[in-house]
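Participant: the following block contains a protein sequence and its predicted model.
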There are 2 protein chains.
Amino acid sequence: MTSGSQQGIDSGARIFLDPGDVVLVENPTYLAALQAFAAYQVRLVAVPSDDEGMQVDRVAALIAAHRPKLIYLVPSFQNPKGTTLPPARRTALVEIAAAHRVAILEDDPYGELSFAGPPPRPIAADSHGNVLYLSTFSKTLAPGLRLGWLWGDAAIVRKATIAKQAIDLHTATLAQRATTALLARFDYAGHVARIREVYRERCATMLGALAEYLPADCRWVAPTGGMFVWLQLPAGLDADALLPAAIARKVAFVPGSAFFVEEIRRDFVRLNFSNQPPASIVEGMRRFGQVIDAAQARPRSPRNR
Amino acid sequence: MTSGSQQGIDSGARIFLDPGDVVLVENPTYLAALQAFAAYQVRLVAVPSDDEGMQVDRVAALIAAHRPKLIYLVPSFQNPKGTTLPPARRTALVEIAAAHRVAILEDDPYGELSFAGPPPRPIAADSHGNVLYLSTFSKTLAPGLRLGWLWGDAAIVRKATIAKQAIDLHTATLAQRATTALLARFDYAGHVARIREVYRERCATMLGALAEYLPADCRWVAPTGGMFVWLQLPAGLDADALLPAAIARKVAFVPGSAFFVEEIRRDFVRLNFSNQPPASIVEGMRRFGQVIDAAQARPRSPRNR
């Protein structure tokens, strides 16, 4: 048990990495993973991603060029892009990594939030002993519990257990016992099914509002689960520069620049649809459209998709 | 708020240290601090200690020789020795460290467990801005809460806060709110006064039993608080080698070797008096005396002190 899957990232970095080692990461990727790796003074090498997540066909060349110790990825409903790695890429990745003796840190906080069908099959389920899998109750029960877990080969878990003793000795037993008692009395599967449906509806609402209120030269891909839409702004706009005007209209987003390694791009925005009810999402996207229009200093150009 | 003071040690290491840096530590010192520092690939340099804790008059020469970034110590009712640094040494330490721009990590989980008089005044209370102070509810309410805290100059706390985001985002709000509610309804001061008295009595019981059942050539110093007695075995005995025989008689201790840096000594034992009622402590020390006698293969030689 870990203090959220965030501590699983920190633990994975600690047990697999020494200063100067190389980690392959999706680009863009989860920003607090970048912070966790930075503490271990490692070098991050970006693997490009497309609308289906990490471009696994680029990995072999990057392994040959950089000799990484670890590959970090969020394969399902990725943060920030919302992408999901297809089964064939998952199989290819675990085999390439095993062949080159590179470990994989599979961070899966969102897998249960699948809008249609069961959660994607974890990479770790077909591991060759080289995958450390992380998940959490943060996105299904409550982030404030700080209850995550890691799963992998016994030898890896033993290293993580010893590392945990130096990190914080153990995860709070009060939270563990409270959650154990909750799971015994509470329809967890029904609860997850309900939030999946709520998030699916909110996502559909956001996508509809984006089509209605944003200029036609914005680009996004509909996610099939999770919490995020990754939006590319019209050419020439800077997400960081837009943020103050958006916040002045009570619309918050995360500028995409924070998620990039190597080449930092400023024309992306991460939008979250899980937190607000549909009416607020529609109004928020309407105002966000106005912010973009004002920044472009041109009339609103509605988009149909 | 930290996940116990253990996470405060890990955080302090992370914000103050780079690989190859030097940390001055008491010798012996808290073993899980040694593990926490090891993860950051730093070099530990031992400061000798006596019956009053760290020999602060040795620190200036060690700073000159090794240029440490950090001094780590448990100044009150130390783990494992039970020693408490006198006020004059505290003042001298904080001034030497400030003069040489060395940070101090003051780990104080036991300070409230003072048998006579108020807790010792923390070093951080007279800080020149160079002390990060750690404490915890683990020894007064429950270790399973994993609720500790760190305190220091705003600039240091800000660095720790940013580091915390990468470590585990935040400390469990369930435990924080439960403890806040408890503190509002519960006589915490009365509770601490009661466990102080219980531990004082158990400590006195252990010291009496040691005098009665252990050979005269054992050595210990009476602690004035905390949870531990640090016992030196008769010449030629090895604490690690004694442990299996002791456990066979249902007596457990921590061999002292785990607490040393540089020269590892095997003739010390850390005894805990907080966990068992007086009658069990007496019986435990009686059996421990038998284990020592058997190892010495000579008749029991009672000791009067």
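Facilitator: Sure, I can see it.

Participant: show me what A:P48 is bridged to.
Facilitator: A:N27 (DSSP bridges).

Participant: quick one: what helix or strand has the nearest residue to A:L44 once chain neighbours are set aside in it?
Facilitator: Setting aside the residues directly before and after it, A:L44 is nearest to A:V261 in space (Cβ to Cβ, 6 or more residues apart in numbering or on different chains), at 4.8 Å. Every residue, glycine included, has its C-beta placed from N, CA and C. If you go by DSSP states H and E, A:V261 is not part of any helix or strand.

Participant: was I right about A:V261 contacting A:V42?
Facilitator: No. Using Cβ atoms under 8 Å, A:V261 makes no contact with A:V42, being 11.5 Å away.

Participant: any common contacting residues for these two?
Facilitator: Counting by Cβ atoms under 8 Å, 6 or more residues apart in numbering or on different chains, no residue touches both A:V261 and A:V42.

Participant: pick out the residue closest to the middle of chain A.
Facilitator: Per Cα atoms, centre = their mean, the C-alpha nearest to the average position across chain A is that of A:N79, at 2.2 Å.

Participant: how about the secondary structure of it?
Facilitator: coil (DSSP: H, G, I helix; E, B strand; the rest coil).

Participant: quick check: what element follows the biggest helix by length in chain A along the chain?
Facilitator: Ranked by residue count, the top helix of chain A under DSSP state H comes out as helix A:188-213. For helix A:188-213, the following helix or strand on the C-terminal side (DSSP H and E) is strand A:219-220.

Participant: how far off centre is that following strand?
Facilitator: 18 Å (Cα atoms, centre = their mean, to the nearest Å).

Participant: stretch A:103-113 too?
Facilitator: The answer for stretch A:103-113 is 8 Å, by Cα atoms, centre = their mean.

Participant: check which helices and strands the longest helix of chain A sits against.
Facilitator: strand A:228-232, helix A:278-296 (3 or more Cβ pairs under 8 Å, 6 or more residues apart in numbering or on different chains; DSSP states H and E).

Participant: still on that earlier bit, contacting residues for the residue nearest to the centre of chain A?
Facilitator: Per Cβ under 8 Å, 6+ apart, neighbours of A:N79: A:29-30, A:109-110, A:226-228, A:259, A:270.

Participant: thinking again about what came up before, ok, and for the longest helix of chain A, which residues are buried?
Facilitator: Neighbour-count burial for helix A:188-213 flags A:188, A:192, A:196, A:199-200, A:202-203, A:205-207, A:209-211, A:213 (criterion: 16 or more other Cβ atoms under 10 Å in any protein chain shown).

Participant: tell me where chain A has strands.
Facilitator: A:22-27, A:43-50, A:53-54, A:70-73, A:103-107, A:131-136, A:148-151, A:219-220, A:228-232, A:254-255, A:268-272 (DSSP state E).

Participant: report the contact partners of whichever residue of the stretch 201-305 of chain A sits closest to chain B.
Facilitator: Nearest residue of the stretch 201-305 of chain A to chain B, counting by Cβ to the nearest Cβ: A:A258, 12.1 Å away. Shown in contact with A:A258 (Cβ under 8 Å, 6+ apart): A:L31.

Participant: could you export the strands of chain A as CSV, including mean neighbour count and mean pLDDT?
Facilitator: Compiled in CSV, the strands of chain A are given as follows (neighbours: other Cβ atoms under 10 Å in any protein chain shown; pLDDT from 0 to 100):
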stretch, mean neighbour count, mean pLDDT
strand A:22-27, 24, 98
strand A:43-50, 17, 97
strand A:53-54, 26, 98
strand A:70-73, 27, 98
strand A:103-107, 27, 98
strand A:131-136, 25, 98
strand A:148-151, 21, 98
strand A:219-220, 17, 97
strand A:228-232, 22, 98
strand A:254-255, 18, 98
strand A:268-272, 22, 98
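
Participant: what pairs with the closest residue to A:G256 other than its chain neighbours across the strands?
Facilitator: Distance criterion Cβ to Cβ, 6+ apart; nearest residue to A:G256, sequence neighbours excluded, is A:F268 at 2.8 Å. Beta-bridge pairing for A:F268 (DSSP bridges): A:Q232.
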